[in-house]
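Participant: Test case, fold it:
(4 chains, ligands or ions: 4)
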Protein chains: 4
Amino acid sequence: MAPKAHAADATPATTHTLIIDTDPGADDVIALLFAMASPEQLKIQALTTVAGNVPLSKTSRNARLAREWAKRPDIAIYAGAPRPLLRTPIYAADIHGSEGITGVKVHEPSQPLAEGNAVDYLIRTLRAAPEKSVTLAMLGPETNLALALTQAPDITRGLRELVLMGGAHFNGGNITPTAEFNVFADPHAAEIVLKSGVPITMLPLDLTHKVLTSPERIAKLRGLGNQAGRTVADILDAYVQHDMQYYGLPGGPVHDATVVAYLLQPSLFKGRKVNVEVDSREGLGFGQTVVDWYGGLKKPANVNWIAEGDAQGFFDLLTQRISRLP
Amino acid sequence: MAPKAHAADATPATTHTLIIDTDPGADDVIALLFAMASPEQLKIQALTTVAGNVPLSKTSRNARLAREWAKRPDIAIYAGAPRPLLRTPIYAADIHGSEGITGVKVHEPSQPLAEGNAVDYLIRTLRAAPEKSVTLAMLGPETNLALALTQAPDITRGLRELVLMGGAHFNGGNITPTAEFNVFADPHAAEIVLKSGVPITMLPLDLTHKVLTSPERIAKLRGLGNQAGRTVADILDAYVQHDMQYYGLPGGPVHDATVVAYLLQPSLFKGRKVNVEVDSREGLGFGQTVVDWYGGLKKPANVNWIAEGDAQGFFDLLTQRISRLP
Amino acid sequence: MAPKAHAADATPATTHTLIIDTDPGADDVIALLFAMASPEQLKIQALTTVAGNVPLSKTSRNARLAREWAKRPDIAIYAGAPRPLLRTPIYAADIHGSEGITGVKVHEPSQPLAEGNAVDYLIRTLRAAPEKSVTLAMLGPETNLALALTQAPDITRGLRELVLMGGAHFNGGNITPTAEFNVFADPHAAEIVLKSGVPITMLPLDLTHKVLTSPERIAKLRGLGNQAGRTVADILDAYVQHDMQYYGLPGGPVHDATVVAYLLQPSLFKGRKVNVEVDSREGLGFGQTVVDWYGGLKKPANVNWIAEGDAQGFFDLLTQRISRLP
Amino acid sequence: MAPKAHAADATPATTHTLIIDTDPGADDVIALLFAMASPEQLKIQALTTVAGNVPLSKTSRNARLAREWAKRPDIAIYAGAPRPLLRTPIYAADIHGSEGITGVKVHEPSQPLAEGNAVDYLIRTLRAAPEKSVTLAMLGPETNLALALTQAPDITRGLRELVLMGGAHFNGGNITPTAEFNVFADPHAAEIVLKSGVPITMLPLDLTHKVLTSPERIAKLRGLGNQAGRTVADILDAYVQHDMQYYGLPGGPVHDATVVAYLLQPSLFKGRKVNVEVDSREGLGFGQTVVDWYGGLKKPANVNWIAEGDAQGFFDLLTQRISRLP
Ligand SMILES: [Ca+2]
Ligand SMILES: [Ca+2]
Ligand SMILES: [Ca+2]
Ligand SMILES: [Ca+2]
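Facilitator: Numbers count the residues shown, from 1 in each chain, chains lettered A, B, ... in the order given. Ligands and ions are numbered 1, 2, ... in the order given. Down below sits the predicted model:
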């Protein structure tokens, strides 16, 4: 697989003017380090945080920790919605720990949040942006963008694409038998986003449960010699335990980090343009993404649903980029 | 009834620091004139507009028209959400005309909207306000407040009370057999507001369909001798036709204006503290307010549901206040 | 009112070939006595029982008690469905007592149930009946007919009309804020029946909460001098307590008995042909009948919804007929 | 694989006192021939038919055709429910042809249906049967058993097991993105059956889409030298076209026939005891079986969900049994 990753490095690099909306979350932290280590491709305008894996104060603190670890004080962080639109808030502390990051010690970073709310920031920035210029990477519940879209539907004009980790079809869910956590944590927000008309790429459990850690892959990260490599390895060692046990998998997924890999090197992934809707009614299918994989419903395709990926290519790229960090 | 209204005038007046959220709408315009004619009781901080009876551009224009007619250039008007949270937008042009005001000519007022969005205005103002100091009168779909509450739940602290026109129980609905328009136009927003924990007074169809115009009541307004009286009479003459015919009523309701009367003289009304929930699932009960009038569900009372009012007292008060306008 | 009832007696009597489906239930027992006392008008083919106010074994026992009290051994009683189609069974022992009849002692009657199931009986009888010949009075949850209609949709041919006690619109519900007991106890069955295409007359809470007992009305029954009069008075004295207290009514409704009065003397009642649907989704509106009273939905009218009745005429007729019994 | 099938033949044979509920349907016909060719193991009491792939008159005719082809006049066939409980009827003529059998000519068989309804037959037979003695194979929508269970819940006593083709989890649906046809055609019936407490084995699309025809497998059937082999091959040749094209599969599934193979030789299959519920609410998940494969919901296991099978073993067994027919 090494030649493949090499070949990808040789192709003209994809670049994005990028905002990352995130609820760190262990895998979010890895995704953020991954992204912040790729400045030549990802022009990160800001991070925006949302309640999700843990409450907003902790997701915001964890985003600031990732920024500190990546030594990227130039990136502003805006806190957004502290709760979902309608549903009772849920968190995932059983997976991400009560602090939202597994395997490492957390502290209060010195650099504060930016003034103002993430929703305002999104509206202001997307309105001022050239047409179809900004990519929004979404690593948590989609509450912030849903609020912005309802208040200011015209902001879709500034968006180039949404690339989001979320949903599940053939894989089944990870928080209920049918639902993936990010969508389940705010299904109404997901519904608003999926109906927005903006081009969307989704990286669901169907993909992320095929891009799994192995002891060798984690060892390679740990052996990079820098602090970031050790941090990522420590986080992963703790984070993948639950999923390996629960699903009987040989390794664990690193969900959100696949979004960054997709932004950097889309050729690592394969998807299909399909119709995706979310079931936002409480009950058995609450938060399920319903994917018309075979096109039987004859509804318009609104999502590029990524179902396959080059797992070794992913870990090679992640490892290479993490190696650049302090 | 005149003595009764007289007596009310003699009692110590209720005063409110007030924001009015509105979707004018014929009855909204009357409510706004009514409120703007009562400056000694209602310290109006701003009007905020929302899509509802007609699209946002027209509700905002109509709010500005009402401000011009009342000669109250001191009152800022902020436009808010152009669409409901999740549902397909609906309007009520069959009742309010394509311009949103029946019976009068509309024009483009010279005074513009204030800069900024109504949702931001609500968040900023309620955060800065002393605890429990601001009353919010809500005359349309509750989208703006729902967005503000989700983005910034802490704003409940600044709110004294929500007084809103909306819902129906014993009366049945006016847009479906079970749903009242304001709630039906954004049931998810209503759900967020009803669950917010803020003290709420609702003036539903159960009340407004008992506070009806009559030829004499409209004639009294027309005969006041001022332009505002003629305008209100013209609006009402056209506006009440539909309801009188559809429901077989002897006169028509002036829904939103009852909110202003309640703010000015609550003794004109009788209610009960009850549990109210909204059915936000598409289907037969979509947008219905479910009122536990007899307390059988043993759920906490979250609404003061106004079911009775002094119709003559209402029209006396309205007429008296309209008489003060140009 | 006496002349009115007299006049009604003078009109050519309505007659019915009748099956009564019932879940006795205190008011069912009164309805059954009322019907069995009217043999010149109501040719009762059989009673069929269903779980409802109390479990099936008790509703069947109570139907047999009513038959014994009316000395009508000629009427067969078939037990039907012991549970609703899909929902968790509910009963109403708080209203009807644990035995299903208030105010009187119950015992095991000697005459047994007929062999066979009520659903089979309905299918067999309605198939064999001349076209549009059989009236089905429904005094409980509509499970039996729903099962029969699904198994044998052709049985609609033999039905003249369904006359059923159930539903609520302007009145609100009696088991939830929106639902009436009979419909709530099996909303899916009610949905099947309402969609069956058979002519339906519904006597809902909108009617029955206007046809109330008074001490005088009960005293007249008690003073008839026969056992049946004393029994009905004893049942009513106990049965109406709950409703008088809960709703603050001056007397209590005798729901199911209004169905018999309608069969005997329809001129006592006023209704409107409207579209009625039932909300069969669990949640706030579960079991609610949604009545399009003003025709706004433009759906076909499937129900004659009785909203008004001559209360004194009802009690006069009931008293007169009960006087004929032992 | 031949040795494996051989080994299975050597093990003590599983035997069943069997009723087959079916909606033929091309794959039903093959399943029926398969079962009727195995009299030493399957003591078929009767076939019961239900509306499903095509309307009831055609499913009943097709069941009689299969009986004629298998020369089993000893087996009675009872027609059951002509429509589902609540949902609008749907059929699958695009898959099974307008006559419900692909690839062969149909005619009216001379042997008629048995007198009486399938629902009555099920109630009567299961009541009279020794405890846990009767296996019910269900090859279509589960309407008949749902009706029987509601009318007579005590019949569960006579049932040994339900073995049913239906549902989908990891595979996705075949009639909507989430629903399999048999469940989708009457989700409410499926809900009743899944909650019945009877031991259930389900053979879902997760299995049947792994047990696929191939040209060789069909050729082997055709080459048996008897009429039944040619008939099954003709049916399959036509039947598998749609699925091979739509799903891009190398062969087509023979859904219902896997139920018979499971009855004859359960060692060909692997499953897991899990909790399965059906979403019976109209909307995105209508008719979906929600399978808690990893046990995260901690609800009781009500289904043995078959997810894997020995495809060659299946076709070997099918071919061997079909060879016994005329
Ligand atoms: Ca995340
Ligand atoms: Ca309004
Ligand atoms: Ca009853
Ligand atoms: Ca079948």
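Participant: quick one: residue A:312 from chain C, how far?
Facilitator: 48 Å (C-beta to the nearest C-beta, to the nearest Å). Where C-beta positions appear, they are placed from N, C-alpha and C, glycine not excepted.
Participant: What count of nearby residues applies to that residue?
Facilitator: Residues lying near residue A:312 (other C-beta atoms under 10 Å in any protein chain shown) number 16.
Participant: same deal with residue A:40?
Facilitator: With other C-beta under 10 Å as criterion, residue A:40 counts 8.
Participant: confidence score at it?
Facilitator: Note for residue A:40: predicted pLDDT of 97.
Participant: Please apply the same query to the one 10 residues further on.
Facilitator: On the pLDDT scale, residue A:50 is placed at 98.
Participant: In this structure it contacts residue A:81, no?
Facilitator: Yes - with contacts counted by C-beta atoms under 8 Å, residue A:50 reaches residue A:81, the gap being 5.5 Å.
Participant: Can you name the residues in contact with the helix or strand harbouring residue A:18?
Facilitator: Per DSSP states H and E, residue A:18 falls inside strand A:16-22. By C-beta atoms under 8 Å, 6 or more residues apart in numbering or on different chains, the surrounding residues in contact with strand A:16-22 are A:28, A:31-32, A:35, A:41-50, A:59, A:63, A:80, A:118, A:122, A:125, A:129, A:133-140, A:142, A:144-145, A:160, A:256, A:263.
Participant: Now do the helices in chain A.
Facilitator: For chain A, the helices defined by DSSP state H occupy A:2-10, A:26-36, A:56-70, A:93-96, A:118-128, A:143-151, A:181-184, A:187-194, A:205-208, A:215-222, A:227-247, A:257-264, A:311-322.
Participant: Out of those, flag the one nearest ligand 4.
Facilitator: Taking C-beta to the ion, helix A:205-208 is the member of the helices of chain A nearest to ligand 4, at 29.1 Å.
Participant: Show the average pLDDT along that closest one.
Facilitator: Rounded mean pLDDT across helix A:205-208 is 98.
Participant: how about a markdown table for the helices of chain A, with distance to residue C:231 added?
Facilitator: A markdown table is the format used below for the helices of chain A (distance: least, C-beta to C-beta, whole Å):
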| stretch | distance to residue C:231 |
| --- | --- |
| helix A:2-10 | 90 |
| helix A:26-36 | 73 |
| helix A:56-70 | 67 |
| helix A:93-96 | 62 |
| helix A:118-128 | 69 |
| helix A:143-151 | 63 |
| helix A:181-184 | 58 |
| helix A:187-194 | 56 |
| helix A:205-208 | 66 |
| helix A:215-222 | 82 |
| helix A:227-247 | 64 |
| helix A:257-264 | 75 |
| helix A:311-322 | 80 |
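Participant: For residue A:50 and residue A:81, list the residues in contact with both.
Facilitator: Going by C-beta under 8 Å, 6+ apart, residues that sit against residue A:50 and also against residue A:81 are A:56, A:118, A:143-144.
Participant: Between the residues you listed, which sits nearest chain C?
Facilitator: residue A:143 (23.7 Å; C-beta to the nearest C-beta).
Participant: and the gap between that closest one and residue A:88?
Facilitator: 14 Å (C-beta to C-beta, to the nearest Å).
Participant: So between these two, which is more surrounded?
Facilitator: Ranked by neighbour count (other C-beta under 10 Å), residue A:143 and residue A:88 place residue A:143 first, with 30 against 8.
Participant: Could you tell me what pLDDT the model assigned to that one?
Facilitator: For residue A:143, the model assigns a pLDDT of 98.
Participant: Let me see the contact set for it.
Facilitator: Applying C-beta under 8 Å, 6+ apart, we find residue A:143 in contact with A:50-51, A:80-81, A:83-85, A:186, A:189, B:150.
Participant: likewise residue A:156?
Facilitator: A:126, A:149, A:196-198.
Participant: Recalculate using a threshold of 6 Å.
Facilitator: Taking C-beta atoms under 6 Å, 6 or more residues apart in numbering or on different chains as the criterion, residue A:156 is in contact with A:196, A:198.
Participant: what about the residue of chain A at minimum distance from ligand 4, how many residues close to it?
Facilitator: Nearest residue of chain A to ligand 4, counting by C-beta to the ion: residue A:296, 19.2 Å away. As a burial measure, residue A:296 scores 14 neighbours (other C-beta under 10 Å).
Participant: pLDDT at it, what is it?
Facilitator: 95.
Participant: How about residue A:4?
Facilitator: 41.
Participant: try residue A:326
Facilitator: pLDDT, residue A:326: 96.
Participant: what's the burial count for it?
Facilitator: Neighbour tally, residue A:326, other C-beta under 10 Å: 9.
Participant: Residue A:113 now?
Facilitator: 16.
Participant: can you check the one 10 residues further on too?
Facilitator: Other residues within reach of residue A:123, judged by other C-beta under 10 Å, total 22.
Participant: Residue in the stretch 151-300 of chain A with the shortest distance to chain B?
Facilitator: Distances between the stretch 151-300 of chain A and chain B by C-beta to the nearest C-beta are smallest at residue A:151, namely 5.2 Å.
Participant: contacting residues around that residue?
Facilitator: By C-beta under 6 Å, 6+ apart, the neighbours of residue A:151 are B:81, B:119, B:147.
Participant: Correct me if wrong: the first one contacts residue B:48.
Facilitator: No - contact criterion C-beta atoms under 6 Å: residue B:81 and residue B:48 do not qualify, at 9.5 Å.
Participant: overlap in contacts of those two?
Facilitator: By C-beta under 6 Å, 6+ apart, the residues touching both residue B:81 and residue B:48 are residue B:144.
Participant: quick one: is stretch A:47-54 near chain B?
Facilitator: No - judged by C-beta under 6 Å from any C-beta of the partner chain, stretch A:47-54 and chain B are separated, with a smallest distance of 10.6 Å.
Participant: what's next to that stretch, contact-wise?
Facilitator: With C-beta under 6 Å, 6+ apart, stretch A:47-54 has contacts from A:20-21, A:23, A:25, A:59-60, A:63, A:77-83, A:91-92, A:96, A:100, A:118, A:140-141, A:143-144, A:185.
Participant: Model confidence score at residue A:94, please.
Facilitator: pLDDT, read off for residue A:94, is 89.
Participant: In the stretch 201-326 of chain A, what residue lies closest to chain D?
Facilitator: For the stretch 201-326 of chain A, C-beta to the nearest C-beta, closest residue to chain D: residue A:285, 3.4 Å.
Participant: need the residues of chain A near chain D, please.
Facilitator: So chain A meets chain D at A:170, A:177-178, A:246, A:277, A:279, A:284-285, A:290-292, A:294 (C-beta under 6 Å from any C-beta).
Participant: which two in the residues you listed are spaced the farthest apart?
Facilitator: Across these, the longest distance by C-beta to C-beta is 29.3 Å; it joins A:246 and A:294.
Participant: List the buried residues for stretch A:150-158?
Facilitator: A:150-152, A:155-156, A:158 (16 or more other C-beta atoms under 10 Å in any protein chain shown).
Participant: Check stretch A:304-315 too.
Facilitator: So stretch A:304-315, judged by 16+ other C-beta under 10 Å, has buried residues A:304-307, A:309-315.
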